[in-house]
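Visitor: With the sequence up front, the predicted model follows.
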Amino acid sequence: MTGRHFSPIDMLARLVAFDTESARSNLDLIAFVEEYLSGWGVASVRIPDATGTKAALFATIGPADRGGVALSGHTDVVPVAGQAWTSDPFVLRVEGGRAYGRGAVDMKGFCALALALVPEFLARPLSTPVHLFLSYDEEVTCLGVVDGIRRFGADLPRPVAVIVGEPTGLEVADAHKSIAMFTTTITGAEAHSSRPELGASAVHGAALIAAELDRLSLDYVARGDASGRFDPPCTTIHIGCIGGGTARNILARHATLQWEVRGLPDLDPDEIPARLDRFVAENILPRFRRTFPGYGVETVLDGIVPALDAVAGSRAETLALKLAGRNRTTTAPFGTEAGHFYNAGIPTVVCGPGSIDRAHKADEYITLEELAGGEAFLRRLIDELV
C-alpha cells in the first residue's frame, strides 16, 4: 500500500496549520495523522480524554508481538494572543534557513520528522518496532500521555525505550526536575481599615506566606544540587500570581497565591507544602484567628509533572547517545512528559532538534539545518532497529 509522501518541511507545514493551542481541541490534527497513517497501512489507536474533545494517538510500525522504541511528542502548543508575530503563526513561513510557526520547534518539528519518515520505517525489515505516540495538554498538565501509558502491556505494546523529542539541540537529556503547581487560598474577614481589630486581612496573610516561600527558596539555594548537573543548581520556588482585596481601606476577605516548585529528582514532593503548612499553623492562624476565628488557609496541589531521573546505561540512553553522536548525557532545564514514562519503569530520555530558547515566543522557529539533523537522527534509528 502506498500513501502520500510528505517531506519533513511539508509535514511541518501541515501540522502547524492546525491551531492546537492547549485550550482548543487537537482532534482535527489527530484525524489528519490517522488518515495519513492509514494510507500507508499503519493502524493507530486513538486515546481520547475524558471530555472527548482531545486525544492522544499511538501507532506501531514493525513487529506487533514485541515492544519497541517509542517516539513521543505533544501536539498542543501555547497561545499566540498578545504576541507580536510578523506573520500568521499558523501558516509555516520558510525564510533565511528558518521555518517559522507556532509549535515549529516545540514540538511539531519532531512530530513532523517522525511522521514524514513513516514510509522509510515501512520500507525496512525492522526487527524492533517503532511506536509513534502523539499526546495533548503537555503545555498545561503533561497528563496527555497518562491514559496511554496505563494501557501499555494490556492492549498497547509496552515500549522498551522512549525518546521524547523535545528540543534539546539533539543533546541527550537523561534527567529533569519535577514541577509541582499549587494554589494557596486565604479566607479572612472584612472590616474598615481604621479598625483592623474587627476583621482579619487575607492579603496580609498572603504577604506573610509569600515571604515564607521566598525564605524557603533561599534555603533550597543554600542546599544546592549534590549531583552538580542542574542549572539552576537547586530546587526552586516561584510565585507567579497573587490576588486579593477590594479596596485600599478594606481588610481583604479573600486572597490567593499561585506558586510552583521545580524540584530536583531527589526532592520529596510533600516536603515543601508540609513545611509551608507548619509555618501557617504556627504563625499565620494563631495571629489572625485572634480577631477572626474562621480565618483559613488552604493549599491545593493543582498538578505535578514528575521528575525524570537518570538511569545510567539504560537502553534509551545508550541508543540515543549513539544516534546523536554524543558521549555524555545532560539535563533538561524544563519539565516534560518523560517523567511519566520513567515512573512507569520505561527507560526514557529527552532528545530532539532545535532550541527550547525559541519556544513560547513570537516568531518561534526551527532551522532547516536542525530539521536535517533530526532527520539524520531518525534515519540512524532505522538502521539500529533493522
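Guide: Yep, it's here. Residues are numbered from 1 along each chain as shown.
Visitor: what number of residues lie near the closest residue in space to residue 190 that isn't next to it in sequence?
Guide: Take residue 190 and drop its neighbours on the chain: the residue closest to it by C-beta to C-beta, 6 or more residues apart in numbering is residue 253, 4.7 Å away. Any C-beta I mention is one placed from the backbone N, CA and C, and that applies to glycine too. Close neighbours of residue 253, defined as other C-beta atoms under 10 Å, add up to 20.
Visitor: so who does residue 253 touch?
Guide: 187, 188, 189, 190, 202, 246 (C-beta atoms under 8 Å, 6 or more residues apart in numbering).
Visitor: Which of those are buried? Put it as a PyMOL command.
Guide: In PyMOL, this line selects whichever of the contacts of residue 253 come out buried by 16 or more other C-beta atoms under 10 Å:
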select buried, resi 187+188+189+190+202
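Visitor: Would you mark the buried spots in the helix or strand residue 242 falls within?
Guide: Remark: residue 242 resides in strand 236-244, with elements defined by DSSP states H and E. Neighbour counts over strand 236-244 (16+ other C-beta under 10 Å) mark 237, 239, 242, 244 as buried.
Visitor: Surely the first one touches residue 271?
Guide: This points to residue 237. No. Between residue 237 and residue 271 there is no contact under C-beta atoms under 8 Å: 11.3 Å.
Visitor: Next, find the distance separating the residue nearest to residue 190 from residue 295.
Guide: 10 Å (C-beta to C-beta, to the nearest Å).
Visitor: joint contacts of these two?
Guide: Joint contacts of residue 253 and residue 295 (C-beta under 8 Å, 6+ apart) are 187, 188, 189.
Visitor: Give me the subset of these lying in helices.
Guide: Within those, no residue falls in helices by DSSP state H.
Visitor: how about CSV for these, with pLDDT and distance to residue 80 added?
Guide: Formatted as CSV, the shared contacts of residue 253 and residue 295 follow (pLDDT from 0 to 100; distance: C-beta to C-beta, whole Å):
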residue, pLDDT, distance to residue 80
187, 98, 37
188, 98, 38
189, 98, 42
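Visitor: from those residues, which ones fall inside strands?
Guide: Among these, DSSP state E puts residue 187 in strands.
Visitor: Save the shared contacts of residue 253 and residue 295 as JSON lines, and put in distance to residue 143 too.
Guide: Below are the shared contacts of residue 253 and residue 295 laid out as JSON lines (distance: C-beta to C-beta, whole Å):
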{"residue": "187", "distance to residue 143": "29"}
{"residue": "188", "distance to residue 143": "33"}
{"residue": "189", "distance to residue 143": "37"}
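Visitor: so which of the shared contacts of residue 253 and residue 295 comes closest to residue 317?
Guide: residue 187 (48.4 Å; C-beta to C-beta).
Visitor: The closest one reaches residue 202, doesn't it?
Guide: Yes. Between residue 187 and residue 202 there is a contact under C-beta under 8 Å: 6.2 Å.
Visitor: Got the phi and psi for the residue positioned nearest the centre of the chain?
Guide: Note on the chain: the residue nearest the mean C-alpha position is residue 336, at 3.6 Å, using C-alpha atoms, centre = their mean. Dihedral angles of residue 336 (phi, psi; degrees, to the nearest 10) stand at phi -140, psi 180.
Visitor: so how many other residues sit close to residue 209?
Guide: With other C-beta under 10 Å as criterion, residue 209 counts 24.
Visitor: got it, and residue 207?
Guide: 16.
Visitor: now the helices: where do they sit in this structure?
Guide: Counting by DSSP H, the helices of the chain are 8-16, 27-39, 108-116, 118-123, 146-150, 202-223, 271-279, 285-288, 315-324, 338-343, 368-385.
Visitor: so which of the ones you listed comes closest to residue 168?
Guide: That would be, of these and by C-beta to C-beta, helix 315-324, which comes in at 9.0 Å.
Visitor: Residues contacting the closest one, please?
Guide: 69, 160-163, 170-172, 174, 310-311, 326-329, 346-349, 351, 377, 380-381, 384.
Visitor: 7 Å instead, please
Guide: 69, 160-163, 170, 172, 174, 311, 327, 329, 347-349, 351, 377, 380-381, 384 (C-beta atoms under 7 Å, 6 or more residues apart in numbering).
Visitor: in that helix, what's buried?
Guide: Using 16+ other C-beta under 10 Å as the burial criterion, the residues of helix 315-324 that qualify are 315, 316, 317, 319, 320, 321, 323, 324.
Visitor: Please apply the same query to stretch 294-310.
Guide: 295, 296, 297, 299, 304, 305, 306, 307, 308, 309, 310.
Visitor: again, but for stretch 81-101
Guide: If you call a residue buried by 16+ other C-beta under 10 Å, then stretch 81-101 has these buried ones: 85, 89, 90, 92, 93, 98, 99, 100, 101.
Visitor: Isn't the third one up against residue 21?
Guide: Right, residue 90. No. Residue 90 is beyond contact range of residue 21, at 9.6 Å (criterion: C-beta atoms under 7 Å).
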